[in-house]
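Undergrad: Below is the structure, and that's it, no one-letter string:
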C-alpha cells in the first residue's frame, strides 16, 4: 500500500489558519479514516454520504471531492483537506467565495454556466432527500438556478465570472450572513 507523508506541521500552520494542536487533531482523525494518508473519490463519497442518510449525496460529494483535489490527482491528501477546510472555516469572505466559485465551476474554465449550476443544485436537492421539510418540488433546482443567474449574471452574457460572483455575493446581506455561520466550528 502506498502511504502519503504530509508536509511538515510548520509549513501547514503557515498555509492555514489552524494552530499546531488543531492540525495534529485533524491529522489523527484523517489518518483514522484514511490510514494510507490519501482519500480516493469512492472513500470520500462513502464518508460524506454518512452525513446525509436521507438522500443521495454521491453527485454532490463528487463535486466537493473535485474542489478539494486541487492538483487533480484523483485523491485528496491531508494537505489538500486542511487547506480547503481552513478556507471554509476561517478564511476571509473573498477566500470563501473563491472556494465556492471553484466548486460551482465544474469544468474549471473560469465561468459558471447554467448547466453547471443546474448540476450542482440538482445534486444538493438529491442529497437533501425527498422527505425534507419544507418539501422540495422537482422544479425547485431550475427555479433556484434562474434566480441565481438573474442576480449574478450582471452583464447578461449567460455565464457568471468570478468577479460577478464575488461582487454580487458581497452586496447580498443573506449570503454574507450565511458565510459567517461556520467561523468557529473547530
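TA: All right, it came through fine. All figures in this text were calculated on a predicted structure; none of them were measured in a lab. Numbering: from 1, shown residues only.

Undergrad: Report the secondary structure element holding residue 76.
TA: Per DSSP states H and E: residue 76 is located in strand 75-77.

Undergrad: Downstream of that strand, the next helix or strand is which one?
TA: The C-terminal neighbour of strand 75-77 among helices and strands, as given by DSSP H and E, is helix 78-90.

Undergrad: Show the average pLDDT along that following helix.
TA: Helix 78-90 comes out with an average pLDDT of 92.

Undergrad: Kindly report the same for stretch 141-158.
TA: 93.

Undergrad: Buried residues in that stretch, which are they?
TA: 141, 144, 145, 148, 149, 152, 153 (16 or more other CB atoms under 10 Å). Glycine gets a C-beta too; all of them are placed from N, C-alpha and C.

Undergrad: Stretch 108-121 too?
TA: So, applying 16+ other CB under 10 Å, buried residues of stretch 108-121: 111, 112, 113, 114, 116, 117, 118, 119, 120, 121.

Undergrad: Out of the residues you listed, which comes closest to residue 31?
TA: Nearest to residue 31 among the buried residues of stretch 108-121, counting by CB to CB, is residue 120 at 30.5 Å.

Undergrad: residues near residue 58, how many?
TA: 17 (other CB atoms under 10 Å).

Undergrad: Tell me how far the helix or strand hosting residue 64 lies from the chain's centre.
TA: Residue 64 is located in helix 58-68, with elements delineated by DSSP H and E. In terms of CA atoms, centre = their mean, to the nearest Å, the centre of helix 58-68 is found 7 Å from the chain centre.

Undergrad: For the residue nearest in space to the middle of the chain, list the residues it contacts.
TA: Nearest to the mean C-alpha position of the chain, counting by CA atoms, centre = their mean, stands residue 64 at 4.7 Å. Residues near residue 64 by CB atoms under 8 Å, 6 or more residues apart in numbering: 44, 48, 103.
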